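Enquirer: I'd like to go over a predicted model; first the sequence, then the structure.
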Amino acid sequence: MKINVRDVYQGITSLVFPEICLICNQVFEKVCRSCEYRWLQNARSFRIDDLTISAVVTYDSESSGVVLKAKEDRNKVARLLMANALANSIMSWKVKTDYANLLLVPIPSSKMAIRRRGESFLQPILKSALQICSSHGMKDLAWRSVLLHQKRVKDQSELSFNERRKNLENAFKINENSGLENSLATAKIILIDDVVTTGATLLSAARALRERKMTVLGAATVCASAHRLLIR
Ligand SMILES: [Zn+2]
């Protein structure tokens, strides 16, 4: 009997890299390379109104499952995938602007969500992303929780585009204790969020900051709707 060398090799590699994948096999421990690849791609940019927004992953059933795992289960692998994608999204701004005065401002979780989960969802992912940026030479990026929720925002998922806009029109106010009063005037702000679909949240956040004469360049996000990420 002839032994097929390739079969032996594949047998060995599947022992070394057990093919248990968070995304395609739903065993939430590891991710296979083909699924991981989507979260390691370079960011693409698009515009909504006057905001330039970067994102890495198309928001679909697969990626929304990863976001949900990161959010609801605090799944470490899912959070790391998001941190990698967010880092690429942030780093794409390096070529667009002098990043010395950049200030990253995360969209805050609603009070209700913080009460339910006990912490901000985005902040630990942003902190991991900044470590990745730093290891790629984009060191000392500053971030601040400048924004707070103004009023209770209704659950967005059931609302139409116009209803969402209305719901979010005055969603944010400035955190007067963010301790950056002087440097905020000169900072070039990039908003940070996990998912962008209509853009209503980001536009509302930009409006709140600009009303206070702050400069908002755009946003760095993880996932965006497919039609936003079309190459044009
Ligand atoms: Zn997979």
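Expert: Yep, it's here.
Enquirer: rest of the way, CA atoms for contacts and neighbours
Expert: OK.
Enquirer: Now do the helices in the chain.
Expert: If you assign secondary structure with DSSP state H, the helices in the chain sit at 5-16, 33-37, 61-72, 76-91, 111-117, 122-135, 161-168, 181-186, 200-210.
Enquirer: Mind putting these into JSON lines with distance to Leu229?
Expert: What follows is the helices of the chain, written out as JSON lines (distance: least, CA to CA, whole Å):
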{"stretch": "helix 5-16", "distance to Leu229": "34"}
{"stretch": "helix 33-37", "distance to Leu229": "16"}
{"stretch": "helix 61-72", "distance to Leu229": "14"}
{"stretch": "helix 76-91", "distance to Leu229": "13"}
{"stretch": "helix 111-117", "distance to Leu229": "28"}
{"stretch": "helix 122-135", "distance to Leu229": "21"}
{"stretch": "helix 161-168", "distance to Leu229": "19"}
{"stretch": "helix 181-186", "distance to Leu229": "31"}
{"stretch": "helix 200-210", "distance to Leu229": "16"}
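Enquirer: so which of those helices comes closest to the ion?
Expert: If you check each of the helices of the chain against the ion by CA to the ion, helix 33-37 wins as the nearest, at 4.4 Å.
Enquirer: Can the closest one be said to contact the ion?
Expert: Yes. For helix 33-37 and the ion, the contact criterion (CA under 5 Å from the ion) is met by Cys35.
Enquirer: and that helix, which residues are buried?
Expert: By neighbour count, and taking 16 or more other CA atoms under 10 Å as the criterion, the buried residues in helix 33-37 are Glu36.
Enquirer: Average pLDDT for it, rounded please.
Expert: Mean pLDDT, helix 33-37: 85.
Enquirer: Could I have the CA atoms of it written out in PDB?
Expert: Coordinates of the C-alpha atoms in helix 33-37 are reproduced here as PDB (Å, rounded to 0.1, in the frame of the first residue of the first chain):
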ATOM      1  CA  ARG A  33      -7.600  31.000   9.200                       C
ATOM      2  CA  SER A  34     -10.100  31.600   6.500                       C
ATOM      3  CA  CYS A  35     -12.600  33.100   8.900                       C
ATOM      4  CA  GLU A  36      -9.900  35.100  10.800                       C
ATOM      5  CA  TYR A  37      -8.700  36.600   7.500                       C
END
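Enquirer: start the count at 677, not 1, going forward
Expert: Sure thing, new numbering starts at 677, so read that last one as helix 709-713.
Enquirer: Tell me the gap between it and the middle of its chain.
Expert: For helix 709-713, the separation from the chain centroid amounts to 18 Å (computed by CA atoms, centre = their mean, to the nearest Å).
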